[in-house]
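A.B. asks: I would like the atomic coordinates for the input below:
(chains A, B, C and D)
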Protein chains: 2
Amino acid sequence: MEMDSRKQKILEAVVLDYIKTAEPVGSRTISKKYNLGVSSATIRNEMADLEEMGLIEQPHTSAGRIPSNAGYRYYVDYLINKDSIKAEAREYLAKAIQDKSRQVEEVVEDTLKMLSSATSYTSLMLISNEGGKKQSLQLLQLLLVEPGKALMVIVTEGEKVENRFIAIPSTVTKEDLDLVSLLLNQNLKGIPVDGWQKDMLENIFAELTHQRKVVDAALEMLSSILRREKSSKVYLNGTLNMLSLPEFKDVNRVKTILQTLEDQEVVNTLLEDDKNSDIVVKIGTENIIPEVQDCSVVMATYQLGNDIIGKIGLLGPTRMDYSNAIAILEALAQSLKQKDDS
Amino acid sequence: MEMDSRKQKILEAVVLDYIKTAEPVGSRTISKKYNLGVSSATIRNEMADLEEMGLIEQPHTSAGRIPSNAGYRYYVDYLINKDSIKAEAREYLAKAIQDKSRQVEEVVEDTLKMLSSATSYTSLMLISNEGGKKQSLQLLQLLLVEPGKALMVIVTEGEKVENRFIAIPSTVTKEDLDLVSLLLNQNLKGIPVDGWQKDMLENIFAELTHQRKVVDAALEMLSSILRREKSSKVYLNGTLNMLSLPEFKDVNRVKTILQTLEDQEVVNTLLEDDKNSDIVVKIGTENIIPEVQDCSVVMATYQLGNDIIGKIGLLGPTRMDYSNAIAILEALAQSLKQKDDS
DNA sequence: GTTAGCACTCGTTTAAGTTGAGTGCTAAAA
DNA sequence: TTTTAGCACTCAACTTAAACGAGTGCTAAC
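C.D. replies: Numbers count the residues shown, from 1 in each chain, chains lettered A, B, ... in the order given. Model prediction:
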């Protein structure tokens, strides 16, 4: 069976109407709302064909049709009407992101908040730290907060900042800490944690025998932090939006999904992807995680600043507004890139 | 009408059974499960009395009784059986909290996670920064990350750490930054942000005319951070637990409550309290926030470390297990206090 | 004061009937 | 050959009615 232009129009009508109403779409509805110039009987015939092709399906005999996963896929691949988002929205996005001084976390939180409020879906963001140099040290400094207590500040190459308090002998002075900081920096800067050589560490200890305790504590934390940095971090926003959608009126279903999303590992897997294209759409069972196989995910790869690369995505029902979701994610990825250029 | 011991026992039975089953409790159920040595007819008579006293009520004529808010209140005030939590649980709590090196945020997150998983309610924590000195500066240090880019590290008296990147002229050296840090520290340490005098600032600017740009940027951020610190911060955990309870099977209700809890201000108000006692229980309409007036909140005042004081609480249905909630919060407050002593 | 007994209430469950949106098929019209 | 009107048929959703049963209040006997 071939796909002709009329079939395409009917499929599009089914998808669009179902996206809007969440109700199965009947032939009469289509003939009335979308004037294709043919009667409902004709549309019925075409719909029977579309069903045979696996693009739409009937929940039960006497109901209208809803798009199948394959139907959505066809729509996304061939029919989608890439409406660009309004200029003002784009500008708003861009502006909110530009503020240089803020830390990654804040930018992320704000971005996600915008995203989920603009789409009313759940927004996900993955900050991945896989590309080599991010796990290494850019700057380390020990600061004396009060006698016996120091603050260790660590900046990674990914420009993430971490802080730890450490207990130190109360005789240790600011100068001692500066010395330790200097030495740790000299020896470890730029070297990934798994590349630390035994002789480097021995070197440090040798030069700082009388600050051994401090160095010891610092090294241990440092390595645990850098090691942890290896795994990507996941951010979420707008999970409650789900509760407004009719497909999630069943509490248990929502609960399952939300619990699933609480697991960083899972979200990680969810946003992982083989393809290299800018925007990726995963529809229903195309998702690997079973719990969200009646959801769809639209995601974009983004670049923030010089080093940070990750995914940002939207999770919604399979009946999600793909056109809008894609447009807004495209604009967002662009804005994030511009932050890089600035 | 007087409250005698038999009425008390019956009230207790109603409360306990309703807490367990979430179903109205009938006279026959009580006579069978809680052997009071009287028949159901007698219990029926007593229940009629309890209803007249406003302690229990009937959802409808042919149903059993459920405790009224006043009934829970009576139970909590006079009948509660303060079972202490198991020693192992207490120990686990204590141990998880002891780790000195961690930052406040992590301790809080972990504590809340324990709390909500132990009770299956939603746990709330308020870190309040009202007591004077917390808004002031303990330590400030500017670190040179790379030419043209500095990291500002700020430790407040409340031992919270904040980081900001700031752009600086690329000619500024590490020594310049040290000098600026030193001066800012000297002049501003320990002084609340609203106590900053004009002449102090002028002083700083005068001494550092050629680093004016850096000082300017630093001061601005510093004051914005300290000002922000003023307001208390709220943490939440286990909100999804709510979805398992039969009283929250209605999605809209859950949504309303969860959205309400997303507002920090609101949670702040919720946990605010006049009384000074260790544990405070607010039942249903005793809460000020209308959206949670069919919930109860049990909360404790805690002290963490030397300076941080706040509230930690559990939010559940009015039918919540007060005995357990109170016990676990008491143990927790104690553990947090011990961390202080250690 | 306590209890057995019984009529009564009222939400819940079950069954049966009704409705209506939507289909597939057929036969006529274009 | 394609399109359309017409019609019988299907089936979830809604409506109504009946049966059920948990629980009560009251009365009269213990």
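A.B. asks: where exactly do the helices run in the stretch 51-200 of chain A?
C.D. replies: A:69-74, A:87-98, A:104-119, A:174-188, A:198-207 (DSSP state H, counting those that start in this stretch).
A.B. asks: for the record, mean pLDDT for the last one?
C.D. replies: When you say that, I think you mean helix A:198-207. Helix A:198-207 carries an average pLDDT of 76.
A.B. asks: what comes up buried for that helix?
C.D. replies: A:Ile204 (16 or more other C-beta atoms under 10 Å in any protein chain shown). To be clear about C-beta, it is placed using only N, CA and C from the backbone, and glycine gets the same treatment.
A.B. asks: average pLDDT for whichever helix or strand comes after it?
C.D. replies: The first helix or strand that comes after helix A:198-207 along the chain, using DSSP states H and E, is helix A:212-230. For helix A:212-230, mean pLDDT rounds to 74.
A.B. asks: Tell me which of the helices of the stretch 51-200 of chain A sits most buried.
C.D. replies: helix A:69-74 (a mean of 21; mean count of other C-beta atoms under 10 Å in any protein chain shown).
A.B. asks: Could you tell me the single residue of the stretch 51-200 of chain A that sits nearest to DNA strand D?
C.D. replies: Of all residues in the stretch 51-200 of chain A, A:Ser62 sits closest to DNA strand D, at 2.6 Å by C-beta to the nearest atom of the strand.
A.B. asks: gap between that residue and DNA strand C?
C.D. replies: According to C-beta to the nearest atom of the strand, to the nearest Å, A:Ser62 and DNA strand C sit 4 Å apart.
A.B. asks: Can you tell me which of the helices of the stretch 51-200 of chain A is nearest to B:Ala333?
C.D. replies: helix A:104-119 (29.9 Å; C-beta to C-beta).
A.B. asks: for DNA strand C, what are the nearby residues on chain A?
C.D. replies: A:23-29, A:40-41, A:44, A:47-48, A:51, A:58, A:61-65 (C-beta under 7 Å from any atom of the strand).
A.B. asks: mind running it again at 10 Å?
C.D. replies: A:14, A:17, A:21, A:23-32, A:39-52, A:56, A:58, A:60-65 (C-beta under 10 Å from any atom of the strand).
A.B. asks: buried subset of those residues?
C.D. replies: A:14, A:17, A:24-27, A:29-31, A:43, A:46-47, A:49-50, A:56, A:64-65.
A.B. asks: any idea how far the residue positioned nearest the centre of chain A lies from A:Asp110?
C.D. replies: In chain A, the centroid-proximal residue (C-alpha atoms, centre = their mean) is A:Met125; its distance is 2.3 Å. Distance from A:Met125 to A:Asp110, counting by C-beta to C-beta, to the nearest Å: 11 Å.
A.B. asks: quick one: the residue nearest to the centre of chain A and B:Leu139, what's the gap?
C.D. replies: Taking C-beta to C-beta, one finds A:Met125 at 32 Å from B:Leu139.
A.B. asks: May I ask which helix or strand encompasses A:Ala300?
C.D. replies: Using DSSP H and E, A:Ala300 sits within strand A:295-304.
A.B. asks: Following the chain onward from that strand, which element is next?
C.D. replies: Using DSSP H and E, the helix or strand that follows strand A:295-304 in sequence is strand A:308-317.
A.B. asks: C-alpha coordinates for that next one, PDB please?
C.D. replies: The C-alpha atoms that make up strand A:308-317 are tabulated as PDB, following Å, rounded to 0.1, in the frame of the first residue of the first chain:
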ATOM      1  CA  ILE A 308      30.400  21.000  29.300                       C
ATOM      2  CA  ILE A 309      28.400  18.900  26.900                       C
ATOM      3  CA  GLY A 310      25.200  17.200  27.700                       C
ATOM      4  CA  LYS A 311      21.700  16.400  26.700                       C
ATOM      5  CA  ILE A 312      18.600  18.300  27.500                       C
ATOM      6  CA  GLY A 313      15.200  16.800  26.900                       C
ATOM      7  CA  LEU A 314      11.500  16.800  27.400                       C
ATOM      8  CA  LEU A 315       9.500  13.900  28.600                       C
ATOM      9  CA  GLY A 316       5.800  13.800  27.900                       C
ATOM     10  CA  PRO A 317       3.000  11.400  26.800                       C
END
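A.B. asks: Just give me how far it sits from the chain centre.
C.D. replies: 3 Å (C-alpha atoms, centre = their mean, to the nearest Å).
A.B. asks: Stretch A:14-25 too?
C.D. replies: With C-alpha atoms, centre = their mean, you get 27 Å for stretch A:14-25.
A.B. asks: quick one: average pLDDT of it?
C.D. replies: Per-residue scores along stretch A:14-25 average to 96.
A.B. asks: Need the CA coordinates for it. CSV is fine.
C.D. replies: C-alpha atoms of stretch A:14-25 as CSV (Å, rounded to 0.1, in the frame of the first residue of the first chain):
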residue,chain,number,x,y,z
VAL,A,14,-5.5,12.2,13.4
VAL,A,15,-2.2,13.0,15.0
LEU,A,16,-2.9,16.7,15.5
ASP,A,17,-6.4,16.2,16.8
TYR,A,18,-5.3,13.5,19.2
ILE,A,19,-2.5,15.6,20.4
LYS,A,20,-5.0,18.3,21.2
THR,A,21,-7.9,16.4,22.6
ALA,A,22,-6.5,13.1,23.9
GLU,A,23,-9.7,11.5,22.5
PRO,A,24,-9.8,8.9,19.6
VAL,A,25,-10.5,10.8,16.4
